[in-house]
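1. let's see this in three dimensions:
(chains A, B, C, D, E and F)
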Number of protein chains: 4
Amino acid sequence: MKTKDIILATAKEMISEVGFHKATTANLAKKANISEGTIYRHFESKEDILLHILDALEEQFSYYIEAIRKKLDVKDCSLEEIMTDYFSFVEANEVDMKIMLSTYGLLDSSKRLMAVFLKNLELILEESLRHGIERGEIKDVDVERNATVVMTIIFGLTRMHLYWPDVRDVREEAIEFCRRSLMK
Amino acid sequence: MKTKDIILATAKEMISEVGFHKATTANLAKKANISEGTIYRHFESKEDILLHILDALEEQFSYYIEAIRKKLDVKDCSLEEIMTDYFSFVEANEVDMKIMLSTYGLLDSSKRLMAVFLKNLELILEESLRHGIERGEIKDVDVERNATVVMTIIFGLTRMHLYWPDVRDVREEAIEFCRRSLMK
Amino acid sequence: MKTKDIILATAKEMISEVGFHKATTANLAKKANISEGTIYRHFESKEDILLHILDALEEQFSYYIEAIRKKLDVKDCSLEEIMTDYFSFVEANEVDMKIMLSTYGLLDSSKRLMAVFLKNLELILEESLRHGIERGEIKDVDVERNATVVMTIIFGLTRMHLYWPDVRDVREEAIEFCRRSLMK
Amino acid sequence: MKTKDIILATAKEMISEVGFHKATTANLAKKANISEGTIYRHFESKEDILLHILDALEEQFSYYIEAIRKKLDVKDCSLEEIMTDYFSFVEANEVDMKIMLSTYGLLDSSKRLMAVFLKNLELILEESLRHGIERGEIKDVDVERNATVVMTIIFGLTRMHLYWPDVRDVREEAIEFCRRSLMK
DNA sequence: GATGAATGAGACTTCATTCAT
DNA sequence: GATGAATGAAGTCTCATTCAT
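-> The predicted model follows:
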């Protein structure tokens, strides 16, 4: 593992655990067993580390979106699949997701990425709903507004899952909840 | 308006806009047109200001909960009412809600208050669902899990509404969404 | 009791207990049940309070010195009396003595007063020794140097007594110690 | 000379000269020709600097005590030696002694160290007196009380020597004074 | 005389960033 | 590439003193 990756991995862990502000360069260097100076050989600034983390997350997210889009193109992607796949995506990128969710109030680039998440998921849900209605599987509801509702539910569940592990995990139940609301 | 209230009001505005860390005592003093020392005549520390804000919010929340509980006691409080009232509560305490939502990762007392919000809303929703099922208005679903789902939806909507004003407001639609899922 | 005296009394107590720096004007005002502003109606500054305390102590000390001098004039003041009377003086001015001893490293006026103490006691002891030698009661020692030694012993005992109450009180024994060393 | 030692040396000088409170981190940095931040790279806090100074002093004192104890074990350590050696110890650690003497009213760790000084010296003096009495060289006095008296004299002399250089140095005379009082 | 809110200088401390080695 | 000591700006907080009421 290269030094740059060690820094990134350590930073991810620290930021997700204690937040961006409390993850100081001094602590980071100590935990990564490198010197503070080395950080600046690989990154322009502390914020730059975050940018790299977010970039990687954006890439992963684009794969998820791409995969869903491919399914949608052949018209056989249900709401259920979108949600299940998204939860898998979150599971696989738990740490990075926590970082994005805890920094979008602090950092423009983080806010921008979050907006990308929201928009893409919304669009995909819209399309999925539209297909479902066409196929006669989904009730004839307002597509846009209901897509936004489902997206909100998805993000609410994600945050609850990541930040409030004491609250019972209802991701499965939530899928059922949506099915009952939307399926004929 | 007394100095203490000016400080509180200015702090609320600043913290909700730029976050707790960037709302420095120097900025706060400048914006409130007082000296930094004055802050400490009225509050023990910067965190103490936040505590006052959160305490006030907790009090407001307790009124909301109390009002809902009274309705529940006479058995005529629908899911719809709980949600509508909660959204009104958020509307009336917008700034404070933003502060709580942006600090629960930073501050224990904020996290504690958020937990109070989550738990109380969950319990009320459980009770409401139970009543609805008794009255035969609500489907025979797992009460606890579905209460958690609805609570998650509510908090997701709140955060979306407060932090992403560009996303269309679907709070009304969400109520409908829940009704479809839960009402017979 | 006038306000000025209340302030002085309270200040004495606080300073002797927690030291000059930790005795803040805020604490002083609170403990004296007056406002901070009132302090400055009666004293020019915080240091000025100390000056008043020291002035009072200086006056008391001058009475002690005067009394001893009168005895010396009629040639019948023993070393023992000087020490016993001094210990009585300290006992009667315990708090003020502690204040002087704890501030002479901080404040010129306090250092000056302490120098007055040292010098006067030294001179009196010299005179007493000289009389004793004349009368044939005291060994033929170097008067000046031995006066300084006894003065040092006296101040050492005073400080030990005031600051280290756990150390056994040996003031009586010390008098005996000096008698053995100096009396024929 | 390493930065840490420069800071320590400068701090010693400043604290002994102007006291702990007036030796501010800003002044210290300026005098040591470093930035204030550098202080905190080497010490956890301003108090921590003092702790290092006191620790070093404690170590030096333990050497002195150890050396005296060794002499006492072979029963040939006179009161005179204890005093002379102690004065040498003070001479060699003048600055640090001044710091301890000027901070024991302010800081627990300083007070603790001072208590160690008092207790150890007292115990050693007791033992020495006991040996002297056994050997028939010392008068049959109350060992404990007279040890305390001598200890008090020693500390009185130390303080006088360090804080009142204008007062004539009577350390030699004081040894003689004690000999006269205690030796047969 | 008395009040107490306000002040502002200055204390201690943190931390992202730089740079000589 | 790596180090880690040094920096200095900026943060939170304290406290003697002032002043309008």
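2. next one: the residue in chain A that DNA strand F sits nearest to from chain B, what distance?
-> As assessed by CB to the nearest atom of the strand, DNA strand F sits closest to residue A:37 within chain A, at 1.7 Å. Quick note: C-beta positions are derived from backbone N, CA and C, even for glycine. Separation of residue A:37 from chain B (CB to the nearest CB, to the nearest Å): 25 Å.
3. quick check: residues of chain A near DNA strand E?
-> A:21, A:22, A:24, A:25, A:26, A:36, A:37, A:39, A:40, A:45, A:46, A:47 (CB under 7 Å from any atom of the strand).
4. top of the residues you listed by neighbour count?
-> residue A:39 (24 neighbours; other CB atoms under 10 Å in any protein chain shown).
5. what is the burial count for residue A:17?
-> Neighbours around residue A:17, by other CB under 10 Å: 11.
6. helix or strand for it, which one?
-> In the assignment (DSSP states H and E), residue A:17 maps to helix A:3-18.
7. pull the residues that contact that helix.
-> With contact meaning CB atoms under 8 Å, 6 or more residues apart in numbering or on different chains, helix A:3-18 is reached by A:1, A:23, A:27-28, A:31-34, A:38-39, A:42-43, A:49-50, A:52-53, A:56, A:94-96, A:98-99, A:102-103.
8. could you name the specific helix or strand carrying the residue of chain A closest to DNA strand F?
-> helix A:36-42.
9. quick one on the thing from earlier: can you tell me the average pLDDT over the helix holding residue A:17?
-> Here helix A:3-18 scores 96 as its mean pLDDT.
10. with stretch A:161-174 instead?
-> Mean per-residue pLDDT for stretch A:161-174: 95.
11. mind listing what's buried along that stretch?
-> Neighbour-count burial for stretch A:161-174 flags A:161, A:162, A:163, A:164, A:167, A:170, A:171, A:173, A:174 (criterion: 16 or more other CB atoms under 10 Å in any protein chain shown).
12. quick check: end-to-end length of it?
-> End-to-end span of stretch A:161-174 (CA to CA, to the nearest Å): 12 Å.
13. starting at the chain centroid, how far to it?
-> For stretch A:161-174, the distance from its own C-alpha centre to the chain's C-alpha centre is 15 Å (CA atoms, centre = their mean, to the nearest Å).
14. now do stretch A:44-61
-> Worked out by CA atoms, centre = their mean, stretch A:44-61 lies 13 Å from the chain centre.
15. over to stretch A:13-20?
-> Centroid separation between stretch A:13-20 and its chain, computed with CA atoms, centre = their mean, is 16 Å.
16. buried residues in that stretch, which are they?
-> For stretch A:13-20, the neighbour count (16+ other CB under 10 Å) marks A:13, A:14, A:15, A:16, A:19, A:20 as buried.
17. which one of those is nearest DNA strand E?
-> residue A:20 (8.2 Å).
18. pretty sure that closest one is touching residue A:102, no?
-> Yes: at 7.0 Å, residue A:20 counts as touching residue A:102 under the criterion of CB atoms under 8 Å.
19. give me the pLDDT value at the residue of chain A closest to DNA strand F.
-> 95.
20. residue A:74 now?
-> Note for residue A:74: predicted pLDDT of 81.
21. how many residues are close by it?
-> Neighbours of residue A:74 under the rule other CB under 10 Å: 7.
22. please apply the same query to the one 5 residues further on.
-> By the criterion of other CB under 10 Å, residue A:79 has 23 neighbours.
23. quick revisit: does DNA strand F sit close to the helix holding residue A:17?
-> Yes: using CB under 7 Å from any atom of the strand, helix A:3-18 reaches DNA strand F at residue A:3.
24. next structured bit after that helix?
-> Using DSSP H and E, the next helix or strand after helix A:3-18 towards the C-terminus is helix A:25-32.
25. tell me how far that next one is from the chain's mean position?
-> 26 Å.
26. and if you look at stretch A:6-25?
-> Distance, stretch centre to chain centre, for stretch A:6-25: 18 Å (CA atoms, centre = their mean).
27. may I have it as CSV, with CA atoms only?
-> Below are the C-alpha coordinates for stretch A:6-25, written out as CSV (Å, rounded to 0.1, in the frame of the first residue of the first chain):
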residue,chain,number,x,y,z
ILE,A,6,-2.3,4.9,3.7
ILE,A,7,-3.1,8.5,4.3
LEU,A,8,-6.4,8.3,2.5
ALA,A,9,-7.4,5.1,4.4
THR,A,10,-6.4,6.6,7.7
ALA,A,11,-8.1,9.9,7.0
LYS,A,12,-11.4,8.1,6.0
GLU,A,13,-11.4,6.2,9.3
MET,A,14,-10.6,9.3,11.4
ILE,A,15,-13.0,11.7,9.7
SER,A,16,-15.9,9.2,9.8
GLU,A,17,-15.3,8.6,13.4
VAL,A,18,-14.5,12.0,14.9
GLY,A,19,-15.5,14.4,12.2
PHE,A,20,-13.5,16.6,9.8
HIS,A,21,-12.5,19.2,12.4
LYS,A,22,-11.4,16.8,15.1
ALA,A,23,-9.4,14.8,12.6
THR,A,24,-6.3,17.0,12.8
THR,A,25,-3.3,16.6,10.6
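28. quick one, helices of chain A?
-> Per DSSP state H, chain A carries helices over the ranges A:3-18, A:25-32, A:36-42, A:46-73, A:79-92, A:94-103, A:108-135, A:143-163, A:171-182.
29. so which of those helices gets nearest residue C:78?
-> Evaluated over the helices of chain A, closeness to residue C:78 peaks at helix A:25-32, with 68.3 Å, by CB to CB.
30. now do that closest one against helix A:46-73, angle only.
-> Helix A:25-32 runs at 70 degrees relative to helix A:46-73, counting by axes from the mean of the first three to the mean of the last three CA atoms, to 10 degrees.
31. any idea how far residue A:68 is from residue A:136?
-> Computed as CB to CB, to the nearest Å, the residue A:136 to residue A:68 distance reads 22 Å.
32. between those two, who's got more neighbours?
-> Neighbour totals were compared for residue A:136 and residue A:68, and residue A:68 leads with 22 against 9 (other CB under 10 Å).
33. name the nearest residue to the more buried one, sequence neighbours excluded.
-> Sequence neighbours aside, residue A:124 is the residue nearest to residue A:68 in space, at 5.5 Å (criterion: CB to CB, 6 or more residues apart in numbering or on different chains).
34. measure stretch A:158-171 end to end?
-> For stretch A:158-171, the end-to-end distance is 9 Å (CA to CA).
35. anything in that stretch near chain B?
-> Yes: under the criterion of CB under 8 Å from any CB of the partner chain, chain B is reached by stretch A:158-171 at A:159, A:160, A:163, A:164, A:166, A:167, A:168, A:170.
36. so for the residue nearest to the fourth one when sequence neighbours are not counted, what's the pLDDT?
-> This points to residue A:164. Nearest non-adjacent residue to residue A:164, counting by CB to CB, 6+ apart: residue B:118, 6.7 Å away. We have a pLDDT of 97 for residue B:118.
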